[in-house]
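J.: next input, structure requested:
(3 chains)
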Amino acid sequence: MRPSRVVEAVLFASQTPLSAAELARAGEDLDEDAVEAAVAELRAEYEREGRAFGVFEVAGGWQILTRPEFAPVLERFDSVPANPRLSAPALETLAIVAYRQPVGRAEIEEIRGVGSGGVLKTLQERELVEVVGRGEGLGRPLLYGTTRRFLEHFGFRSTEDLPRPEELPVVLSRRNEDGRQDGAQAG
Amino acid sequence: MRPSRVVEAVLFASQTPLSAAELARAGEDLDEDAVEAAVAELRAEYEREGRAFGVFEVAGGWQILTRPEFAPVLERFDSVPANPRLSAPALETLAIVAYRQPVGRAEIEEIRGVGSGGVLKTLQERELVEVVGRGEGLGRPLLYGTTRRFLEHFGFRSTEDLPRPEELPVVLSRRNEDGRQDGAQAG
Amino acid sequence: MLQALPAAPQEQPDLYQVDLERFQGPLDLLLHLIRNQDVDIFDIPIARITQQFLAAIERVDRLELERAGEFLEMAAILVRIKAQMLFPRRTEDGEEEDPRAELVRRLLEYEHFREAAGHLEAAERERARRWTRGWVEVRPAPPLADAPLETGWDEVWDAVLRLAARDAEPPPGYRFGGRPVRMDEKMELVLAALQESRRVEFAALVSPWGTRMHAVVSLLACLELAKRSQVRVRQAAPFAPLWVYRRRAEEG
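T.: Down below sits the predicted model:
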């Protein structure tokens, strides 16, 4: 195995930058000079091939990092993703939160029959849903409700304005006024 | 910027596999076909240059990983933590979920002959298994299935990579040469 | 590590000295006893295997309670099969029923999945020899809240209706006069009443309204809840008072 490839493997997989002395442990025939040479070789290759990454000196060691000129690419990659439409799971979860608020994650998952942590997070990041309190009981679960932005976006003045026609499903028609699992009061 | 370098930058900056659709977000003029071509180009280049890493197809996407032959070197470094391995009960439970999904806890326990609630919970926490629905019948039991993370953990491209059930020899005679832990030994 | 098997295992009492901790459960232990002795799984010498199984779990008390129960349950199955072997039964079409059949099916099924687990382990081992990049630049994700949102209320409403479609039985709205008597409301009322006390007399559920329609819908609600295993309905004798009982959550 070429020393430069051994060094490349270690630099790639290491969680921290590594110094020449540390990298020399990668092979019996490696010493600090050999490591220096290997790093120089990698640098020259990456440069020549126009790779998106390079070997950089960080905190007294080396690390393979994406070149700064690719920052806009990553930025674009990070920012384009958001689909302007909510996914079916997000819509379903939003509907449950809207009609049953304040409602805990367990209850949402109970109704949907699937794990809903991720989709709740998306809705929170979208600022359509927020934590509005904590429930009673084991672990005092977080309770979710809709936000002001939710009202603005869908054009409601308050959650009281949400349409409640007869075809509203049972699971949604029951409201938790007090945030407990079941509004339990026999008249 | 060459499309292959744009794709390289994004692949390099991600710890999880990215699909063609995801990678296409990195450049304005990229579509899935262009991404395919870019990945093929990178693969060929890494191969030709004898890079310590390659582009591997995992979980419906691509991921840059070190090549297996560097494992002995990497194992020597503290800053390169060992990839986690699952316990025997976890693997057994996961096998049942993978082949029988969607499957409920009762069925898993019936097959294994032991309680499996704890193992299932661990697998859920590690995001290898998730609730995918509810069964019919009493109490509408939760049904489990495998996740994208499951494919990543085992380096599968898709669930198609699991050996087909009919390829698994239902062993009808004694077999004992597979390195399984052997419980019985005197002393 | 693989052990070569003793040539004549059945004569080696040491074979029974298995470390139960190393087995995942009774099926694992049983398979071990069968596969390590060159026994035909379709013709298990049940007396011998039972004896060995019992010997192996002799010190089962050292296991935690749940695991111990699992081994003891299998022991009971084995002992029962052993007894049934002495008195073969015939099925309706006159064929002799093998009391071991169900056990064999379970063992093969379990072995099948263990095999699959072995494949997973091999894949995992292979994957563990490759590493992702150890450190990845932390990139602050642009806030999702700034991204455009084109979803309209009609889409949310469609989701609401999908939830409705999933409701097991959409509650029929029984109209009485101008005001509907809804089964879901009645069901809720029954459940609410049962939060207060363990049981409630059916008449008490109806009396506040006292109309036939309320009575009918309340009864339907109770029956529906019983069907969903959320309550129990009891009547000691025909025309005796009808009582509705709470079911504990874990019951159903």
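
J.: quick one: low-confidence parts of chain C?
T.: Along chain C, the model assigns pLDDT under 70 to residues C:1-18, C:60-63, C:65, C:91, C:141-142, C:166-181, C:207-213, C:238, C:248-252.

J.: let's go with 80 and repeat that
T.: By pLDDT under 80, the low-scoring segments of chain C are C:1-21, C:59-67, C:87-97, C:138-148, C:164-186, C:195-197, C:203-217, C:235-241, C:248-252.

J.: what segments of it are helices?
T.: Along chain C, counting by DSSP state H, helices occupy C:26-35, C:46-56, C:65-86, C:101-127, C:153-166, C:183-196, C:202-206, C:212-227.

J.: what angle do the first one and helix C:65-86 make?
T.: Yep, that's helix C:26-35 we're talking about. 50 degrees (axes from the mean of the first three to the mean of the last three Cα atoms, to 10 degrees).

J.: can I assume residue A:157 is in contact with residue A:150?
T.: No. Checked against Cβ atoms under 8 Å, the pair residue A:157 and residue A:150 is beyond contact range at 12.0 Å. Where C-beta positions appear, they are placed from N, C-alpha and C, glycine not excepted.

J.: winner for burial among the helices of chain C?
T.: Highest mean neighbour count among those (mean count of other Cβ atoms under 10 Å in any protein chain shown): helix C:26-35, with a mean of 23.

J.: ok, residue A:157 and residue A:150, which is more surrounded?
T.: More crowded of residue A:157 and residue A:150, by other Cβ atoms under 10 Å in any protein chain shown: residue A:150, with 22 against 8.

J.: pretty sure that one is touching residue A:132, no?
T.: No. Using Cβ under 8 Å, residue A:150 makes no contact with residue A:132, being 11.8 Å away.

J.: so who does residue A:132 touch?
T.: Residues near residue A:132 by Cβ atoms under 8 Å, 6 or more residues apart in numbering or on different chains: A:101, A:102, A:143, A:144, A:145.

J.: any weak-confidence spans in chain A?
T.: In chain A (pLDDT under 80), the answer is A:79-83, A:113-115, A:117, A:136-140, A:165-187.

J.: next, residue A:144: phi, psi?
T.: In terms of degrees, to the nearest 10, the main-chain angles of residue A:144 are phi -110, psi 150.

J.: so it is in contact with residue A:130, correct?
T.: Yes. Counting by Cβ under 8 Å, residue A:144 does reach residue A:130; the two are 7.0 Å apart.

J.: do a quick rundown of the strands in chain A.
T.: For chain A, the strands defined by DSSP state E occupy A:53-58, A:61-66, A:103-104, A:129-134, A:142-146.

J.: would you mind finding the most buried of those strands?
T.: Buried most deeply of the strands of chain A, by mean count of other Cβ under 10 Å, is strand A:103-104, with a mean of 25.

J.: so what are the sheet partners of that one and their directions?
T.: strand A:142-146 (antiparallel) (DSSP bridges).

J.: how about the CA coordinates for the partner strand, as CSV?
T.: Only the C-alpha atoms of strand A:142-146 are listed here, as CSV (Å, rounded to 0.1, in the frame of the first residue of the first chain):
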residue,chain,number,x,y,z
LEU,A,142,-44.5,18.0,25.8
LEU,A,143,-47.8,19.2,24.3
TYR,A,144,-48.0,20.7,20.9
GLY,A,145,-50.3,23.4,19.4
THR,A,146,-50.5,25.5,16.3
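
J.: show me what from chain A comes close to chain B.
T.: By Cβ under 8 Å from any Cβ of the partner chain, the residues of chain A that approach chain B are A:1-2, A:5-6, A:8-10, A:12-16, A:18, A:22, A:25-27, A:45, A:49-53, A:66-67, A:70, A:73-74, A:76-77, A:80-81, A:109, A:113-115.

J.: please name whichever of the helices of chain C is nearest to residue A:92.
T.: Residue A:92 sits nearest to helix C:153-166 of all the helices of chain C, at 4.6 Å, using Cβ to Cβ.

J.: what about that closest one, near chain A?
T.: Yes. For a cut-off given as Cβ under 8 Å from any Cβ, helix C:153-166 has contacts with chain A, namely C:153, C:155, C:156, C:157, C:158, C:159, C:160, C:161, C:162, C:163, C:164, C:166.

J.: state the distance from the second one to residue A:84.
T.: If you measure residue C:155 against residue A:84 using Cβ to Cβ, to the nearest Å, the figure is 12 Å.

J.: which residue packs closest to residue C:78, ignoring adjacent ones?
T.: residue C:50 (4.3 Å; Cβ to Cβ, 6 or more residues apart in numbering or on different chains).

J.: check contacts around the one you found.
T.: Contacts of residue C:50 were listed using Cβ under 8 Å, 6+ apart, and they are C:75, C:78, C:79, C:81, C:82.

J.: quick check: the fourth one vs residue B:112, distance?
T.: If I follow you right, that is residue C:81. When residue C:81 is compared with residue B:112 (using Cβ to Cβ), they lie 20 Å apart.

J.: again, but for the last one
T.: Using Cβ to Cβ, one gets 24 Å for the distance from residue C:82 to residue B:112.

J.: then residue C:100?
T.: When residue C:100 is compared with residue B:112 (using Cβ to Cβ), they lie 20 Å apart.

J.: those two: which is more packed in?
T.: Between residue C:100 and residue B:112, residue B:112 has the larger neighbour count (other Cβ under 10 Å), namely 25 against 20.

J.: who touches the more buried one in this structure?
T.: B:89, B:92, B:93, B:96, C:24, C:25, C:27, C:110, C:113.

J.: how many neighbouring residues does residue A:59 have?
T.: Residue A:59 is flanked by 9 other residues according to other Cβ under 10 Å.

J.: should've said residue A:119
T.: Residues near residue A:119, counting by other Cβ under 10 Å, number 22.

J.: wait, residue A:156 touches residue A:162, no?
T.: Yes. Using Cβ under 8 Å, residue A:156 is in contact with residue A:162, at 6.4 Å.

J.: with neighbour numbers in mind, choose between these two.
T.: The neighbour count for residue A:156 versus residue A:162, taken as other Cβ under 10 Å, is higher for residue A:162 (20 against 16).

J.: I figured that one was touching residue A:97, is that so?
T.: No. Look at residue A:162 against residue A:97 with Cβ under 8 Å: they stay out of range, at 11.1 Å.

J.: re earlier: let's have the residues of helix C:153-166 next to chain A in CSV, adding distance to residue B:39.
T.: Below are the residues of helix C:153-166 next to chain A laid out as CSV (distance: Cβ to Cβ, whole Å):
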residue, distance to residue B:39
C:153, 41
C:155, 35
C:156, 38
C:157, 41
C:158, 37
C:159, 36
C:160, 42
C:161, 42
C:162, 37
C:163, 40
C:164, 44
C:166, 40
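
J.: make JSON lines from those residues and add distance to chain B to it.
T.: Shown next, in JSON lines, are the residues of helix C:153-166 next to chain A (distance: Cβ to the nearest Cβ, whole Å):
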{"residue": "C:153", "distance to chain B": "27"}
{"residue": "C:155", "distance to chain B": "22"}
{"residue": "C:156", "distance to chain B": "22"}
{"residue": "C:157", "distance to chain B": "23"}
{"residue": "C:158", "distance to chain B": "20"}
{"residue": "C:159", "distance to chain B": "17"}
{"residue": "C:160", "distance to chain B": "19"}
{"residue": "C:161", "distance to chain B": "19"}
{"residue": "C:162", "distance to chain B": "14"}
{"residue": "C:163", "distance to chain B": "14"}
{"residue": "C:164", "distance to chain B": "17"}
{"residue": "C:166", "distance to chain B": "10"}
